[in-house]
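Student: Got a predicted model here, sequence first, then my questions.
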Amino acid sequence: MEKISVVIPCYNEEEAIPLFYQEISKIIENLKKKITFELIFVNDGSKDKTLIKIRDLARKDKKVRYISFSRNFGKEAAMLAGLEYATGDYVTTMDVDLQDPPYLLEEMLRLIKEEGYDCVATKSTSRNGYSFFRKFCTKWYYRIIGTISKTEMVAGARDFRLMTRQMVDAIISMKEYNRYSKGLFSFVGFDTKWIEFENQERIAGTTKWNFWKLFSYALNGITAFSTAPLVLSAIIGILFCFIAFIMIMIIILKTLIWGDAVSGWPSLACIVFLVGGIQLFCTGIIGQYLAKTYLEVKHRPIYIIKETEKM
Ligand code: UDP
Ligand code: MG
């Protein structure tokens, strides 16, 4: 019989793990005539009892496998580790907080097996439970990245998706250090069916993302999938050279006609500040790309495993 691997990244999720296990077990029971399951919990360097909870489950249930990192490497690293560890014919990644409803798996499996899709992805239709500020930033972020990136980014897309082995192999063949899954999923192509569901509130625990973590993740998405900011800084440079040229002409003509060379220093100071600021801004953009390149060329491991169920 075929097998689905469920990859579940967990960071400080001691409260959510038992509830998640309970829910997914119901689905496994419902589908047991059609397909078998393996659950791969990835402990992303949690500081609470997450690992103990996972070890307990692995001892009781043969379907449960796990990887435990030596420290917190982030959700992207945890997802990659899980995808690499998975042995199933189909693989799905799910949040442990039940914001990705497991009941959808049945329909997702049907779409892949009967309608021939390579991947069934989910997006949430609402963003209930998120602050107004976060909703606002997210909306604009997707607008901007949608314009400047050739890779399609779907607004509201979740990392919850069911993929065939072929697609999973394509994803893990991309070994980049600065990982941005929403982009990677889209980059590999394959026929993807989108299904929608109402946003769910977290069942237990708290969100692991604060504003700065999200902000830097968002920047990562832009630098990983677009070089438009570099072009923008070059365009700003050209524009300012052009403005400067016109200003020089005006000043030369003015001096020749009225002979007035001294007045006008306040405007000069303003221009020096403005141009200086823009130069720093553009250097900053280039610096972002350079920094990412620096991290890539070091070829550091994306995650380090300390323990698995086999150890
Ligand atoms: N997560 C992780 N490592 C991290 C942060 C989060 O493995 O550094 C996991 C977390 O345990 C959860 C999933 O990623 O299963 C999504 O995180 P969360 O629910 O906090 O994000 P939100 O739903 O608020 O965007
Ligand atoms: Mg969540």
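Tutor: The structure has been received and is ready for your questions. Residues are numbered from 1 along each chain as shown. Ligands and ions are numbered 1, 2, ... in the order given.

Student: what's the longest helix seen in the chain packed up against?
Tutor: If you go by DSSP state H, the chain has its longest helix at helix 265-297. Counting contacts by 3 or more CB pairs under 8 Å, 6 or more residues apart in numbering; DSSP states H and E, helix 265-297 packs against helix 211-225, helix 228-258. C-beta coordinates here come from the backbone N, C-alpha and C atoms, glycine included.

Student: Other residues contacting the first one?
Tutor: Contacting residues not belonging to helix 211-225 are listed as 134, 137, 141, 144-145, 148-151, 153, 176, 178-180, 182-183, 187, 209, 229, 288-289, 292 [CB atoms under 8 Å, 6 or more residues apart in numbering].

Student: Recalculate using a threshold of 7 Å.
Tutor: If you take CB atoms under 7 Å, 6 or more residues apart in numbering as the criterion, helix 211-225 is touched by 141, 145, 149, 151, 178, 180, 182, 183, 229, 288, 289, 292.

Student: PyMOL command for the buried members of the residues you listed?
Tutor: Buried subset of the contacts of helix 211-225, written as a PyMOL selection, criterion 16 or more other CB atoms under 10 Å:
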select buried, resi 141+145+149+151+178+180+182+183+229+288+292
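
Student: Which member of the contacts of helix 211-225 is positioned nearest residue 13?
Tutor: residue 182 (21.7 Å; CB to CB).

Student: Tell me how far that closest one lies from residue 98.
Tutor: Noted for residue 182: a distance of 21 Å to residue 98, by CB to CB, to the nearest Å.

Student: what residues does this protein put near ligand 2?
Tutor: Contact residues, the chain versus ligand 2 (CB under 5 Å from the ion): 95, 97, 99.

Student: Could you pull out the helices in the stretch 1-150 of the chain for me?
Tutor: Taking DSSP state H, counting those that start in this stretch as the test, the helices found in the stretch 1-150 of the chain are 16-30, 50-60, 75-85, 104-115, 132-148.

Student: Deepest in the core, which of these is it.
Tutor: helix 75-85 (a mean of 22; mean count of other CB atoms under 10 Å).

Student: before we move on, the earlier item: pipe the contacts of helix 211-225 into CSV and attach distance to residue 256 and pLDDT per row.
Tutor: Below are the contacts of helix 211-225 laid out as CSV (distance: CB to CB, whole Å; pLDDT from 0 to 100):
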residue, distance to residue 256, pLDDT
141, 51, 89
145, 50, 88
149, 50, 86
151, 54, 84
178, 55, 87
180, 56, 89
182, 59, 87
183, 56, 89
229, 41, 87
288, 44, 85
289, 44, 90
292, 50, 87
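
Student: quick check, nearest of the contacts of helix 211-225 to residue 45?
Tutor: residue 178 (18.8 Å).

Student: for the nearest residue to residue 126 once chain neighbours are set aside, helix, strand, or coil?
Tutor: With sequence-adjacent residues excluded and distances taken as CB to CB, 6 or more residues apart in numbering, residue 126 is closest to residue 199, at 4.8 Å. Per DSSP: H, G, I helix; E, B strand; the rest coil, the secondary structure class of residue 199 is coil.

Student: picking that back up, what would the helices and strands packed on helix 265-297 look like in TSV with distance to ligand 1?
Tutor: Converted to TSV, the helices and strands packed on helix 265-297 look like this (distance: least, CB to the nearest ligand atom, whole Å):
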stretch	distance to ligand 1
helix 211-225	8
helix 228-258	25
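
Student: just those helices: most buried one?
Tutor: Sort those by mean neighbour count, taking mean count of other CB under 10 Å, and helix 211-225 sits at the top with a mean of 16.

Student: now that helix, how far from the centre of its chain.
Tutor: 8 Å (CA atoms, centre = their mean, to the nearest Å).

Student: Next: stretch 188-206.
Tutor: With CA atoms, centre = their mean as the basis, stretch 188-206 stands 13 Å off its chain's centre.

Student: Buried residues in it, which are they?
Tutor: Buried residues in stretch 188-206, counted by 16+ other CB under 10 Å: 188, 192, 193, 197, 200, 205.

Student: now do stretch 282-298
Tutor: Buried residues in stretch 282-298 (16+ other CB under 10 Å): 282, 285, 288, 292.

Student: Report the separation between the first one and residue 215.
Tutor: Looking back up the chat, that one is residue 282. Using CB to CB, one gets 20 Å for the distance from residue 282 to residue 215.

Student: what's the answer for residue 311, then?
Tutor: Relative to residue 215, and taking CB to CB, residue 311 is found at 37 Å.
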